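In: heads up, no residue letters with this:
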């Protein structure tokens, strides 16, 4: 280390360790390691303006007047069934939500199945039935698919990839780079349910919590938010929509702060965490801000239009507990700060690697 | 949450802060022993709210950070054996050894598993009789009872495929080492509440008297920590140096006798290296000779692994409270949680990680990452 950089001689920790040579689980966590892969590997190879925008879905204009939002997502959750959902519901909702977060109306999905030799057909039947239910709830059709089977031991039961297409209403300008100083940040409900429910299903909690995953299609919620109710004045003031999945609320807000070059100030007391989730996080040493959600969204909205957006959210099934959790400021750009309940301020950073339980 | 929210109550926190402000008349340097306390202080921003004359320095109480390089390298060697299932608390997986970490061993095909308790490792050993299951028994007095229990359980189950790589350390010898150092700046201690829940605090009055430093057993919530600070400062301002308990809802003077007996049955004292600090006499525990069958160091013949820590690391100075993490020139630049250069940046209890995560960097170094 000191040979590489003479300025550090005499005062450096001894052991540089990088994971450049091998993929580790942290590369799939949605945090900094994942972003490193995107920036170092994927973007340079696939570079184009749509990808550069860095949103949950790519928005393209195949011909004037028509804007499509396209997204894809692979699902490898283990176990396949967990309280409140399963890999099938997750595969449908994950892609529906990614398309919806561009302010688009999701219409069609594709589904690719990678099956491990020896998987019970009844498991696949339950999963596909769950996909049908979720697609019906979202109002999307699964219009193409693919099936591959790999040798036993080469996959873990069942993986699903879905891709989705939706139509963006002309004039919609929603994206991670649109947050402006003065906007407020709205969160659609309590955080951390999905991550803790999956941990519980893995038997890693060592106790029963009764927590269910929040996995849900959010497109109807988004549609309600984007319907100003006034045809002459469709402007809703919604600048950013994001679903805080892997990496949790903290990581998603950091992405928005970076893309928009603004700072986000959160009020700790207004972020809802269900009591059993909070208790599980305390016991395991997790911060709920970093725990995954699959049925929540963040909206960054012009302050003067926030009340209307909130009221429309409250009228929908998945937006009843929506609240303002913070505000957007000009500086320091790219940072998320949190006003604690006791009146101090701290930085909320992006998830670094895999979230690990601490030991005592 | 019951028994938690009341210790985070904003009004009570303000009351405690006012009491501290009224008590403090001059500068004092306090050390919180435990990495869990360091994180609570940064997470809740308590250091921003305390009077400027009070300096909190961060102690060596992160079990992951102080686990010596040689034990990490031994863990990596053992975990690489094809017949081994290596089990560990999650934090240890990213601690760098001389060349690799346990995540890298796993990515290279090793069977490395995160467990929440050594008793989970016992279960894995029962379920995999044709594998050798090794548990990385690190930590302070807090993890020692469960780790000791796992050996007793393996014995009663007749398991011959379970062993532990032991790297236990104890708090009181570290306090002696810090207070006995010529460079010591620490004038009062917030003792680690969880350690005292197991061990009591009967070991502390002689330390308080010998070095004339107040020692206050302190918990982990904002109000707990402020009560610990208040107790320590009151003693300092009035010239008293005693061991007191500000965490009485959890800690008694005697501690958990049953846990202490289990520890004494399985472990005996030994000299132990602390990463970044060096050898501290009689500061660790190892398995008693009658349990050597459960000693992974003997089973896997790794005793010859004796790597040398590079001498220029400042983690040791951080762990002794001589320097703050953001005084390291690599902090938040070359060294970050996803690319840790030292153990103090790795663990969720490490001081560098606490500074990084909760924002000392732009406030104090002017170097946004």
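Out: It's in. Since the structure is predicted, the reported quantities are computational estimates derived from the model, not experimental observations.
In: Helices of the stretch 151-300 of chain B, residue ranges please.
Out: B:171-180, B:193-199, B:204-211, B:222-238, B:257-266, B:296-299 (DSSP state H, counting those that start in this stretch).
In: what pLDDT, on average, does the shortest one get?
Out: The average pLDDT within helix B:296-299 is 95.
In: what sits up against that helix?
Out: Here helix B:296-299 makes contact (CB atoms under 8 Å, 6 or more residues apart in numbering or on different chains) with B:74, B:78, B:132, B:134, B:163, B:164, B:165, B:166, B:292, B:302, B:303. Every C-beta, even on glycine, is put in place using the N, C-alpha and C of the backbone.
In: Which positions within it qualify as buried?
Out: For helix B:296-299, a neighbour-count test (16 or more other CB atoms under 10 Å in any protein chain shown) marks B:296, B:297, B:299 as buried.
In: which bits of the stretch 1-150 of chain B sit near chain A?
Out: Counting by CB under 8 Å from any CB of the partner chain, the residues of the stretch 1-150 of chain B close to chain A are B:1, B:4, B:8, B:10, B:13-14, B:36, B:42-46, B:48-49, B:63-64, B:69, B:89-91, B:93-94, B:96-98, B:100-101, B:103-104, B:106-108, B:114, B:116-117, B:138-140, B:142-143.
In: which among those residues end up buried?
Out: Among those, those scoring as buried are B:8, B:13, B:36, B:42-46, B:49, B:63-64, B:69, B:89-91, B:93-94, B:96-98, B:100-101, B:103-104, B:106-107, B:114, B:117, B:138-140, B:142-143 (criterion: 16+ other CB under 10 Å).
In: sec struct for the most centrally placed residue in chain A, please.
Out: Computing the C-alpha centroid of chain A and ranking residues by CA atoms, centre = their mean puts residue A:245 first, at 2.7 Å. Per DSSP: H, G, I helix; E, B strand; the rest coil, the secondary structure class of residue A:245 is coil.
In: Equivalent analysis for residue B:59, please.
Out: Applying three-state DSSP to residue B:59 yields a three-state assignment of strand.
In: What score does residue B:271 have for pLDDT?
Out: Model confidence at residue B:271 (pLDDT) stands at 95.
In: Hmm, residue B:278 and it touching each other?
Out: No - Residue B:271 lies out of contact with residue B:278 (CB atoms under 8 Å); the separation is 10.6 Å.
In: where does residue A:186 fall, phi/psi-wise?
Out: Comment: the main-chain dihedrals of residue A:186 come out as phi -110, psi 140, following degrees, to the nearest 10.
In: tally of neighbours for it?
Out: Applying the criterion other CB atoms under 10 Å in any protein chain shown, we find 23 residues in the vicinity of residue A:186.
In: if you skip the residues just before and after it, what's nearest to it?
Out: residue A:299 (4.4 Å; CB to CB, 6 or more residues apart in numbering or on different chains).
In: what mean pLDDT would you report for the longest strand out of those in chain B?
Out: Longest strand in chain B, counting residues (DSSP state E): strand B:278-287. For strand B:278-287, mean pLDDT is 93.
In: Show me the contact partners of it.
Out: B:144, B:151, B:164, B:166-170, B:173-174, B:176-177, B:263, B:266-274, B:294-295, B:316.
In: count of neighbours near residue 244?
Out: With no chain named, the answer covers chain A. Taking other CB under 10 Å as the criterion, the count of residues near residue A:244 is 27.
In: I was after chain B.
Out: Close neighbours of residue B:244, defined as other CB under 10 Å, add up to 22.
In: Could you do residue A:285 as well?
Out: Neighbouring residues of residue A:285 were enumerated by other CB under 10 Å; the total is 18.
In: can you tell me how far it sits from chain B?
Out: Here residue A:285 is placed at a distance of 6 Å from chain B (CB to the nearest CB, to the nearest Å).
In: With residue A:87 instead?
Out: With distances taken as CB to the nearest CB, residue A:87 is found 22 Å from chain B.
In: that older thread, what's the farthest-apart pair in the contacts of helix B:296-299?
Out: Checking those against each other with CB to CB, the farthest-apart pair comes out as B:132 and B:303, at 17.1 Å.
In: about what we covered before: give me the buried subset of the contacts of helix B:296-299.
Out: In these, burial by neighbour count holds for B:74, B:78, B:132, B:134, B:163, B:164, B:165, B:166, B:302, counting by 16+ other CB under 10 Å.
In: my read: the fourth one touches residue B:80, true?
Out: No - with contact defined as CB under 8 Å, residue B:134 does not reach residue B:80; the gap is 11.4 Å.
In: re earlier: tell me which of the helices of the stretch 151-300 of chain B sits most buried.
Out: Mean neighbour count, computed with mean count of other CB atoms under 10 Å in any protein chain shown, is highest for helix B:193-199 among the helices of the stretch 151-300 of chain B, reaching a mean of 25.
In: quick revisit: return the member of the buried residues of helix B:296-299 nearest to chain A.
Out: For these, the minimum distance to chain A (CB to the nearest CB) is 18.1 Å, reached by residue B:296.
In: can you pull out the strands in chain A?
Out: A:58-63, A:66-75, A:81-82, A:85-86, A:104-116, A:141-150, A:158-168, A:184-187, A:238-242, A:263-267, A:298-301, A:323-329, A:336-339, A:345-347.
In: Which neighbouring elements make contact with the second one?
Out: Going back to what we said before, that points to strand A:66-75. In terms of contacts (3 or more CB pairs under 8 Å, 6 or more residues apart in numbering or on different chains; DSSP states H and E), strand A:66-75 is packed against strand A:58-63, helix A:87-100, strand A:104-116, strand A:158-168.
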